[in-house]
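# got a sequence here, can you build the structure:
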Amino acid sequence: MNSLFDIEHSSSKSDQSAARRRAWIGARLRVFRRDEEGSMIVMTMFIFMFMMVMAGLGIDTMRHEMERARLQATLDSAVLAGAKAPFGKDPEVIVKDYFAKADMSKYLNPFKDGDIVNTLNASKVYATASMTMDTYLMKLSGVDSLSANAAATAETRIPKLEVALVLDVSGSMSGQKIENLRSAAKTFVTTILNSGDPGAISVAVVPFSTSVTPSDEMFESLFVDEVHEYSTCIALDDEDFNSTGLVTDTEAENDGSATPLRQNIYTSLYGGFENLDWNWRSCMTDEAFRIMPFSASETDLHTKIDTLPASGTTTGDMGIKWGAAMLDPSFRSVTADLITSGTLPASMANTPVDYATGDTMKVIVMMGDGENVTSYFFAENSAYRGDLSDMFNVEYQDEILDYAAYIYDPTYRLYGPGYEYLCDYWWWDCEYKPVDEITSAYHLRHPTWVNEPGLETTAETAVASVSEAGPPCASLLENHFNGTPKNNTGAWQNHECGAAVDAVLDSFLDDYWYYDLQNESWMTGTAYVDLKNSMSGFISRTQLPWEDAWSKLSPYEFSRITGDWAAYNEYFDNGITGAEKNMRMDNVCTAAKNNNITIYTIGYMVEPNGTAEQSLKKCATGYDAHENASSYYYDVKDVDISTAFSSIAGSVQTLRLTQ
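Residues are numbered from 1 along each chain as shown. Presented below is the predicted three-dimensional model:
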């Protein structure tokens, strides 16, 4: 049994032992605090943890960007396809189909009102998509997911197009070339019309060769000084090519100072009597050469193109001028007249629109296969223009005996041509009746041959020799035959001076020789004047204006018959050269481009770096003089021009990703 002393002694030992342990632990802690060995491990752990967080951020960010880019690309493709949907198709269905095929339908957000607009001339699609992606390592930093959003707008806007097809149909286009042109032009028309909606696009066809021939209705709507009825071609001066428009009747009504356009004389440098259908004629009057005004009918345009001929020489300046004129807003009054006449539908009432009209594109497509060459004309002040030519027209109507009447008993009549022998006896009166159409017999007065040289009748002597030309009419008649206008028409009518004109004229006419153009023979002036007595069925005699005379006979034939080459020489020497036409063409192309008309030109197998190619290049939109090039000029080396027309058709269609 332990004593109290033993217990106390044992307790003291335990306390001492505990104190020693505490001292030892404290000493060890003090040593640990002073010991730096192993501190890098802690830093390394912190760095490792940081790198893990950053690596996770990079990997998840890269995954996020890849998914976002895929989402945006799918959305862009979808809205682009939706915007291209034809009118009547639902772009929303197309967009959803794209997302379904990409297995991303769940990301496409619902469409809202106004997100999709599909009209006749434009289609616009706006869509958004969003997705949420779980993270891998970014969860260590407390980021469990990432979101991606995409938005896109695609818009197709097919502007209102007004297109003038200006096509070379000169003789060099014959054969396979004209066939290929017809095919390519028809494909172009189809492509252009199908690129828009009904009513959005209109196309005019302007064939050019020696001339450009407007339709009769178009001609009547222009402000023209009409001097004959044989053709509708007009003659233009240099200054007319400094602008795009042509003066119309409406413009003339609003502007009393407007100068009328000049009607071109219809004739040919070469060609026989009533045989002027040569390449040299000044106006190609055949229907196939006539301008076709604006149309939106594929069938009508194809029919027109199928009839394009190949004849004549090259006058590209007139072609581009007419193409520009038809796109000029002033031509709208012509369109209105064509609608009134039933030539165009009422839907064309606003064609062509003003230059400043938005969403409207005016385009000229000009195709040429050769350089401009000289065209021939009589000068405006020529002696071979005006009212009194050297050609006369005698009208008559063949007759047969109706009956012969016995003069002592007029009721006794013998009917039928079988009794014509009785007309030789004085006691029978014969009555004739017409049996055929009225016929014209044309005669050409020789400009210098007279029956008795030196005795040519003057106006003064002619008037004095005619008893019907009494004193009141003498001066009026003399002025008339000297070419002075009748400025006192009241006196002319009051004294019935017109009744003396034929008698005075006879005294003039019998001086000269006359060539019967149908029978190709000469007759004296006396015989010619007496035709009114000797010709069976004689009706009238008319002195033709020169403009009418040249529509029957070429200057060359006139000079060949008469031996007087003054008319031919004047006509030949008064031509408009190819160089002048090139200058005119350059000027009107510049005027058109200044009015924001886009011009495409095609050089169809033209000589490289030749005059034709240079003229067509300079005419095209975007011509760079330093580079001598334009992206709107197409050089066609072989007979196939369909590629050029197809490229142009694609160029005038627009598709724009706007966001």
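# from now on I want contacts and neighbour counts done on CA atoms only, so please keep to that.
Fine.
# taking the centroid of this structure, which residue is nearest it?
Against the mean C-alpha coordinate of the chain, by C-alpha atoms, centre = their mean, the closest residue is Ala164 at 2.1 Å.
# how about the contacts made by that residue?
Shown in contact with Ala164 (C-alpha atoms under 8 Å, 6 or more residues apart in numbering): Val203, Ala204, Val205, Val206, Gly323, Ala324, Met326, Leu327, Val363, Ile364, Val365.
# how far out from the middle of the chain is the helix or strand the third one falls within?
Here Val205, judged by DSSP states H and E, is contained in strand 201-208. The gap between the average C-alpha position of strand 201-208 and the chain average comes to 4 Å, counting by C-alpha atoms, centre = their mean, to the nearest Å.
# next helix or strand past it?
Per DSSP H and E, the helix or strand that comes after strand 201-208 is helix 216-221.
# isn't Thr598 right up against Tyr355?
No - counting by C-alpha atoms under 8 Å, Thr598 stays clear of Tyr355, with 11.8 Å between them.
# and these two? Which one has more around it.
Neighbour tally, Thr598 and Tyr355, criterion other C-alpha atoms under 10 Å: the higher count belongs to Thr598, 20 against 15.
# now that one: closest residue in space that isn't a chain neighbour?
Nearest-residue entry for Thr598: Val363, 4.8 Å, with adjacent residues in sequence omitted and distances by C-alpha to C-alpha, 6 or more residues apart in numbering.
# the one you found: what's it in contact with?
Contacts of Val363 (C-alpha under 8 Å, 6+ apart): Leu161, Glu162, Val163, Ala164, Ile597, Thr598, Ile599, Tyr600.
# start and end of stretch 350-363, how far apart?
16 Å (C-alpha to C-alpha, to the nearest Å).
# same question for it: list its buried residues.
Neighbour-count burial for stretch 350-363 flags Thr351, Pro352, Val353, Thr360, Met361, Lys362, Val363 (criterion: 16 or more other C-alpha atoms under 10 Å).
# just the pLDDT for the residue nearest to the centre of the chain.
Ala164 is assigned a pLDDT of 97 by the prediction.
# in which helix or strand would I find it?
strand 160-168.
# what does Tyr412 give?
strand 409-415.
# what's the answer for Ser540, then?
strand 538-543.
# what's the distance between that strand and the middle of its chain?
On C-alpha atoms, centre = their mean, the centre of strand 538-543 falls 45 Å from the chain's centre.
# just stretch 298-309 next, same as before
Relative to where its chain is centred, stretch 298-309 has its mean C-alpha point 15 Å off (C-alpha atoms, centre = their mean).
# bridging residues for Val394?
Ala441, Arg541 (DSSP bridges).
# contacting residues for it?
Val394 touches Ser440, Ala441, Tyr442, His443, Phe538, Ile539, Ser540, Arg541, Thr542, counting by C-alpha under 8 Å, 6+ apart.
# max pairwise distance over these: which two?
His443 and Ile539 (15.2 Å; C-alpha to C-alpha).
# tell me the buried residues in stretch 425-445?
Result for stretch 425-445 [16+ other C-alpha under 10 Å]: buried residues Trp428, Asp429, Cys430, Tyr432, Ser440, Tyr442, His443, Leu444, Arg445.
# which of the residues you listed lies closest to Val466?
So of those, ranked by how close each gets to Val466 (C-alpha to C-alpha), first place is Arg445, at 21.9 Å.
# strands paired with the helix or strand containing Lys362, and their directions?
Using DSSP H and E, Lys362 sits within strand 360-368. According to DSSP bridges, strand 360-368 forms sheet pairs with strand 160-168 (parallel), strand 598-604 (parallel).
# give me the mean pLDDT for that strand.
93.
# how about stretch 98-118: buried residues?
For stretch 98-118, by 16+ other C-alpha under 10 Å, it's Tyr98, Phe99, Met104, Tyr107, Leu108, Ile116, Asn118.
# okay, how far is it across stretch 207-227, tip to tip?
The first-to-last residue distance of stretch 207-227 comes to 24 Å (C-alpha to C-alpha).
# with stretch 560-578 instead?
For stretch 560-578, the end-to-end distance is 27 Å (C-alpha to C-alpha).
# distance from the chain centre to it, please.
That offset, for stretch 560-578, works out to 33 Å (C-alpha atoms, centre = their mean).
# ditto for stretch 518-533
Counting by C-alpha atoms, centre = their mean, stretch 518-533 comes out at 51 Å from the chain centroid.
# what lies in contact with that stretch?
441-442, 451, 506, 509-516, 538-541.
# tell me the mean pLDDT for it?
Averaged over stretch 518-533, pLDDT sits at 91.
# and for stretch 380-397?
In this model, stretch 380-397 carries a mean pLDDT of 91.
# endpoints of that stretch, how far apart?
37 Å.
# and it, what's buried?
Buried, per 16+ other C-alpha under 10 Å, within stretch 380-397: 384-386, 388-397.
# show me where pLDDT drops low in the stretch 401-550 of the chain?
By pLDDT under 70, the low-scoring segments of the stretch 401-550 of the chain are 451-459, 467-470, 480-499.
# ok, now with 80
Regions of the stretch 401-550 of the chain meeting the criterion pLDDT under 80 cover residues 436, 449-508.
# show me where it has its helices.
459-465, 471-481, 489-494, 501-509, 525-529, 531-534, 546-550 (DSSP state H, counting those that start in this stretch).
# in CSV, list the ones you listed along with mean neighbour count.
Listed next are the helices of the stretch 401-550 of the chain as CSV, based on neighbours: other C-alpha atoms under 10 Å:
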stretch, mean neighbour count
helix 459-465, 18
helix 471-481, 18
helix 489-494, 12
helix 501-509, 19
helix 525-529, 19
helix 531-534, 13
helix 546-550, 24
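# those helices: which one's closest to Ala151?
Nearest of these (C-alpha to C-alpha): helix 546-550, 71.1 Å.
# for that closest one, C-alpha coordinates in CSV please.
This file holds the C-alpha atoms of helix 546-550, laid out as CSV (Å, rounded to 0.1, in the frame of the first residue of the first chain):
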residue,chain,number,x,y,z
TRP,A,546,-36.7,65.8,-153.6
GLU,A,547,-37.4,63.7,-150.5
ASP,A,548,-40.0,61.7,-152.3
ALA,A,549,-37.8,61.5,-155.5
TRP,A,550,-34.9,60.0,-153.5
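# which residues are contacting it?
227-228, 230, 265-267, 384-391.
# how far off centre is it?
Using C-alpha atoms, centre = their mean, the offset of helix 546-550 from its chain centre is 32 Å.
# ok, stretch 224-243 next?
For stretch 224-243 - counting by C-alpha atoms, centre = their mean - the centre lies 18 Å from the chain centre.
# and stretch 207-217, by the same measure?
12 Å.
# first-to-last residue distance for it?
First-to-last residue span, stretch 207-217, C-alpha to C-alpha: 17 Å.
# quick check: buried residues in it?
If you call a residue buried by 16+ other C-alpha under 10 Å, then stretch 207-217 has these buried ones: Pro207, Phe208, Ser209, Thr210, Ser211, Val212, Thr213, Pro214, Ser215.
# same thing with stretch 338-353?
Under 16+ other C-alpha under 10 Å, the buried positions of stretch 338-353 are Leu338, Ile339, Leu344, Pro345, Met348, Ala349, Thr351, Pro352, Val353.
# need the contact list for the second one.
Spelled out, that is Ile339. Pro345, Ala346, Met348, Ala349.
# now do 10 Å
Ser333, Pro345, Ala346, Ser347, Met348, Ala349 (C-alpha atoms under 10 Å, 6 or more residues apart in numbering).
# how about it, secondary structure?
Counting by DSSP: H, G, I helix; E, B strand; the rest coil, the backbone at Ile339 sits in helix.
# tell me how far it lies from Ser333.
10 Å.
# what sits in contact with each of those two?
Ala349.
# and Thr187, what element?
helix 176-194.
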